[in-house]
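Asker: Sequence and predicted structure are below.
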Amino acid sequence: MSTAVTLDETYLPITRDGDVVLARQKGRELAVRLGFSGSDLTLIATAISEIARNIIEYAQTGQIFISSVQHPGKQGIRVVARDAGPGIPDIELAMCDGYSTGKSLGLGLPGARRLMDAFNIESVVGVGTTVTMEKWAS
Amino acid sequence: MLVPILKQGDILIASVQAALSDQDLLMFKDDLSERVGRFRSRGIVIDVSALDVLDSFASRTLSGIAHTATLRGASTVVVGIQPDVAFAMVEMGLRMDRVATALDLEDGLALLASRAKNEHRRDAR
């Protein structure tokens, strides 16, 4: 993902419940502009919804950056969710279906990964978490 | 009220009109639950055709609403899940186990009517 050139970016502060809805709507809008089709738009919006909710649930506040991304031969959308929350002690465990330290089903992160083409989590306990995910326009 | 709930005989019809936040969903759950008791409803149809996303929280809340209502004697049918939304739910691994679903409002009402008829038959035996 390091070779990417970013052209167009939306920045969204995530500080309350309603921002989750706003983030997925903004993500869908940008995905439309980038040429994504019907079912991909829903997959992208749903993945954004999951990671935005994780910010509210675990870190209370954070930011989401949504941008276009270009790699040689393909174009897509990149979503970066960043927070300065408690961090994830065991990322492998957090990516398991059904594992949750919150009150959710534990399908948020693994589910979001399945909806996107690329998915990465960096997290340091006590410092915060950054989720980066990308999807290519077909 | 964010989700209008219509009463038609012993059936409640809830039409979700716009994207709901998690708090909105929880308010809807309480609102519907209160009405089932107040109107002694036997059936509920929840129309989600206006929703472009049903994520893990929304799926879980809808399942919760349906199961709670069923325990209180009101059959619940979720109708109008859009094709793209259904596809995303399958991709994510979200399930709405043991929740009745139907294509649209018309089919949902028909399903409730046929259930009521079967119950009536059972009672008559």
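Answerer: Now that the structure is in, tell me what you want to look at.
Asker: Can you show me the strands along chain A?
Answerer: For chain A, strands defined by DSSP state E occupy the ranges A:5-14, A:62-71, A:74-83, A:118-124, A:128-136.
Asker: Let me have these in JSON lines, adding mean pLDDT, mean neighbour count and distance to A:C96 as columns.
Answerer: In short, each C-beta sits where N, CA and C put it, glycine included. Output for these, formatted as JSON lines (pLDDT from 0 to 100; neighbours: other C-beta atoms under 10 Å in any protein chain shown; distance: least, C-beta to C-beta, whole Å):
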{"stretch": "strand A:5-14", "mean pLDDT": "78", "mean neighbour count": "14", "distance to A:C96": "24"}
{"stretch": "strand A:62-71", "mean pLDDT": "94", "mean neighbour count": "20", "distance to A:C96": "23"}
{"stretch": "strand A:74-83", "mean pLDDT": "95", "mean neighbour count": "21", "distance to A:C96": "19"}
{"stretch": "strand A:118-124", "mean pLDDT": "95", "mean neighbour count": "16", "distance to A:C96": "13"}
{"stretch": "strand A:128-136", "mean pLDDT": "97", "mean neighbour count": "21", "distance to A:C96": "16"}
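Asker: out of the ones you listed, which comes closest to B:Q23?
Answerer: Comparison of the strands of chain A against B:Q23 by C-beta to C-beta identifies strand A:5-14 as nearest, at 14.5 Å.
Asker: List the contacts of that closest one.
Answerer: Surrounding strand A:5-14, the residues in contact under the criterion C-beta atoms under 8 Å, 6 or more residues apart in numbering or on different chains are A:19-20, A:22-23, A:26-27, A:30, A:33, A:52, A:55-56, A:61-70, A:78, A:81, A:83.
Asker: hmm, try it at 6 Å
Answerer: Strand A:5-14 is contacted by residues A:23, A:26, A:30, A:52, A:55, A:62-68, A:70 when judged by C-beta atoms under 6 Å, 6 or more residues apart in numbering or on different chains.
Asker: Kindly report the same for stretch B:82-95.
Answerer: By C-beta under 6 Å, 6+ apart, stretch B:82-95 touches A:G38, A:S39, A:T42, A:L43, A:T46, A:L107, A:G111, A:R114, A:L115, B:L54, B:S59.
Asker: Now do the third one against B:V85, distance only.
Answerer: Using C-beta to C-beta, to the nearest Å, we find A:T42 at a distance of 6 Å from B:V85.
Asker: more neighbours, the two?
Answerer: When neighbours are counted by other C-beta atoms under 10 Å in any protein chain shown, A:T42 comes out ahead of the other of A:T42 and B:V85, with 27 against 23.
Asker: Send me stretch B:75-91 as PDB with only the CA atoms.
Answerer: Extracted as PDB, the C-alpha positions of stretch B:75-91 are listed here (Å, rounded to 0.1, in the frame of the first residue of the first chain):
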ATOM      1  CA  SER B  75     -44.900 -12.800  15.300                       C
ATOM      2  CA  THR B  76     -42.400 -10.500  13.600                       C
ATOM      3  CA  VAL B  77     -41.400 -10.400   9.900                       C
ATOM      4  CA  VAL B  78     -38.600  -8.300   8.500                       C
ATOM      5  CA  VAL B  79     -39.400  -7.200   5.000                       C
ATOM      6  CA  GLY B  80     -37.700  -5.400   2.200                       C
ATOM      7  CA  ILE B  81     -34.000  -6.300   2.700                       C
ATOM      8  CA  GLN B  82     -32.400  -4.900  -0.500                       C
ATOM      9  CA  PRO B  83     -30.500  -7.300  -2.800                       C
ATOM     10  CA  ASP B  84     -27.200  -5.400  -2.200                       C
ATOM     11  CA  VAL B  85     -27.800  -5.300   1.500                       C
ATOM     12  CA  ALA B  86     -28.500  -9.000   1.600                       C
ATOM     13  CA  PHE B  87     -25.300  -9.700  -0.400                       C
ATOM     14  CA  ALA B  88     -23.200  -7.600   2.000                       C
ATOM     15  CA  MET B  89     -24.800  -9.400   5.000                       C
ATOM     16  CA  VAL B  90     -23.800 -12.800   3.600                       C
ATOM     17  CA  GLU B  91     -20.300 -11.600   2.800                       C
END
